[in-house]
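Undergrad: Have a look at this prediction, sequence included:
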Amino acid sequence: MRFESIKSDVTVIGGGLSGVCAAVAAARNGKSVALVQNRPVLGGNSSSEIRVWVVGATGHGVNRYARETGIMGEMFLKNQYVNPEGNPYLWDMVVLETVRAEPNIRLFLNTDVHEIEANGPADSREIAAVTGWMMGSERRIRFESPVFMDCTGDGLIGFLAGAKYRIGREARSEYGEKWAPEEADGLTLGSTLLFYTKEAERPVKYIPPSFAKDITKTPIPMKRVLKSGDSGCHYWWIEWGGEIDTLHDNERIRDELWSVIYGIWDYIKNSGNFDAERATLEWVGSVPGKREYRRFIGDYVLTQNDIEAQTTFDDCVTFGGWSIDLHHKEGMYANTNKSMHYQSDGIFQVPYRTMYSVNVNNLLFAGRNISATHIAFGATRVMGTCATIGEAAGTAAALCVEHGVTPRELYRDHLKELQRALLWQDASVIGLKHDGAGDLAARAKATASGHAETIRIESPDEPYRLDSDIGMLVPADPGIEGIEILLDADQATTLEAELWTTGRPENYIPVELVAKASVPVHPGERQWVSIRLPWRPAETQNAFVVIRENAGVRLYLSHKPWSGVLSFVREKSLNAARGLEGLDPNQPTVQWSMRRSVRKPFCMRLLGTTGAYLPSKATDGYLRPYGGPHMWSADAAGGEAWLSLKWEEPIEAGEVHLTFNDDVNEDLINLHHHRTPFEAIPELVKRYRIEIRRDDRWVVVAETDDNRQRKRVHAFAQPLRTDEMRIVCLETNGHSQFEIAAVQIR
């Protein structure tokens, strides 16, 4: 047996997506990191061992402009390009490469930590070291650092260190949550095993194992959707164990799930009810995907009320957007296939105080074990959100080491520095504006070769019968006069239109009526109808234009998306697309759907001009849409356009941070749930160069020919002294506009 001792600045235990993002964030902030994972692969529930698809704040496309950025966003975009078919083994490699690219990380796979050295009284503990056993190598490794992160999901490290935690459901009286039970109990969400199938070249028989369950004696055939071609994510509902102990009864749960999987396959293959003669099993999971166990107690406990109200926090460090999604305690044996869902009016903030222990002074946590009630956990538990929590907590861990403070002291004395660091990283943060500290670009005057002054979507690629209300989101910057709509009319009619506010800058639903108009329409095809809806709000924001149902009218959808403009169809009944079952169709975010209009805006012209795409938008401190698109946009038809920054006095630039628009409204996925028709986001600038003004001529200091990422950092060995810099855009990945969300320089 070999005994080893590893000292680092930060020790991260748990290599799921939250642990990976925590480790990478701490490493990129200059700290040495030990990342310890008890499995042979990284990725946790998303890995090839378990194969749960990564969902997050987009809510499967329910929320707008909600896809994760930062480290999770990088992995989404890379996977989209190298793994468009969603191969789970290639996803493993995307995650592994993300970690291995960081020289500050030492990775320890197959290393199970189960010993803790901690001291101090119960209300003020401190972890000194943890020890793990590396399976297959007979190595016993002790990890020592000033800061520890529990990203284990189950919360083993915090538990062994004496951190306060909860399991199960809180009583309604504790936090006033309407979905909470009258009395607290130990019920949790269950665990799931998934399976894959494939078509063989010849008929394949199936003889079930002796332990396969006869599912005809259960509610499954009557209450669940079974299809011979389904696999993987379609069977998320093969869930069990919420009424027992999902940790200590893990093996029992796995055996029960196996019995049902092999029983389901017996039913599909041998009942005669399915066309499955050539279908065969390709893969069956052996590691249950666990949803819930311990939740630690932090200085703040996130509640159902926070998610419903979209509470604004001074220590917001990331956001979520998945519905409050709670499954029945009986899991797959429940007599209904509907989960409990609540979809808020938009994304919700997650505060930093939920990410550190209330009583273990040097412990942070990230993932499904953060400080949240059982009800709120129903929305924060999904992996995309866990990953962004990991980046926020990992950045905080690095700053704790930097300043020699505890996580609580970081909140008290260095919160703005934490938020500023996250903005420099392009992490998933909403509603925060970079204050300009340390950013040379914020002091410059921004000009450009040109910018989009009007919004004109004129390519009629697909007719659309106006058989339900439709909506169009447009920027009111600084206001709007109205719109023109391209339409056909079968006969003389009247078009009813309304203009609404969205209520909050992060929301994309009609909230308050501002103006109405009725416009006569004559019979005819391809006619532009002008609708006056004047509005000049006190501050720049989005406007939601509603065109009321009129069966005698056809509008047109364009297949050329326009950044900052969204189109919606008001669903008359629930969009029952699989993966969205159970959502309330009366909730505005569900009712106003983009299912039929993603990347297909209605043909329209905004009357007058807009300031939404001025060069100054690239230095206004916002990195993603928030009450407007917040980006510079210029026509790409000429093959070249530039954005320039000029200073009154020369500056010295050591790093140039470019954040390109990657359409965070596009819902990406890592595995097989769905795929996009493109391998790189079309809006991304593909070719560009950076130039500085020197001796009255432009000198190229950096250039890129094949960009597929949102965030690019150009660091220079020697600072560049100049009084003017410009980014020259040469080609996109398919979009009609050059778009830059932010330029930051330090």
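TA: Everything's here; your move. Residues are numbered from 1 along each chain as shown.
Undergrad: Show me what residue 712 is bridged to.
TA: For residue 712, the beta-bridge partners are residue 658 (DSSP bridges).
Undergrad: nope, residue 513 is what I was after
TA: Residues in beta-bridge contact with residue 513 (DSSP bridges): residue 500.
Undergrad: For the residue nearest to residue 444 when sequence neighbours are not counted, which residues are in contact?
TA: Of all residues not flanking residue 444 in the chain, residue 645 sits nearest, at 3.8 Å (CB to CB, 6 or more residues apart in numbering). Quick note: C-beta positions are derived from backbone N, CA and C, even for glycine. Counting by CB atoms under 8 Å, 6 or more residues apart in numbering, residue 645 touches 441, 444-446, 619, 724-726, 743, 745.
Undergrad: Buried subset of those as a PyMOL selection?
TA: To isolate the buried ones among the contacts of residue 645 in PyMOL, judged by 16 or more other CB atoms under 10 Å, type:
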select buried, resi 441+444+446+619+724+725+726+743+745
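Undergrad: ok, the contacts of residue 645 vs residue 27, which is closest?
TA: residue 745 (23.1 Å; CB to CB).
Undergrad: Hmm, that closest one is touching residue 439, no?
TA: Yes. At 6.6 Å, residue 745 counts as touching residue 439 under the criterion of CB atoms under 8 Å.
Undergrad: on that earlier part again, any idea how far the residue nearest to residue 444 lies from residue 745?
TA: Computed as CB to CB, to the nearest Å, the residue 645 to residue 745 distance reads 7 Å.
Undergrad: For the helix or strand of the chain with the lowest mean pLDDT, name the packing helices and strands.
TA: Using mean pLDDT, DSSP states H and E, helix 220-223 stands out as the lowest-scoring helix or strand of the chain, at a mean of 87. Applying 3 or more CB pairs under 8 Å, 6 or more residues apart in numbering; DSSP states H and E, one finds that helix 220-223 contacts helix 250-270.
Undergrad: mind redoing it with 7 Å?
TA: Of the remaining helices and strands, none touches helix 220-223 by 3 or more CB pairs under 7 Å, 6 or more residues apart in numbering; DSSP states H and E.
Undergrad: chain center to that helix: distance?
TA: Here helix 220-223 shows a centroid-to-chain-centroid distance of 32 Å under the convention CA atoms, centre = their mean, to the nearest Å.
Undergrad: Run a quick neighbour tally on residue 48.
TA: Close neighbours of residue 48, defined as other CB atoms under 10 Å, add up to 18.
Undergrad: again but with residue 710, I slipped
TA: For residue 710, using other CB under 10 Å, the count is 26.
Undergrad: which non-adjacent residue is nearest it?
TA: residue 662 (4.0 Å).
Undergrad: Give me the sheet partners of the next helix or strand after the least confident helix or strand of the chain and which way each runs.
TA: Moving toward the C-terminus from helix 220-223, the next helix or strand (DSSP states H and E) is strand 239-240. Strand 239-240 pairs in its sheet with strand 191-192 (antiparallel), by DSSP bridges.
Undergrad: Tell me which helix or strand residue 142 sits in.
TA: strand 139-144.
Undergrad: which strands and helices sit next to that strand?
TA: By 3+ CB pairs under 7 Å, 6+ apart, strand 139-144 packs against strand 2-7, strand 126-134.
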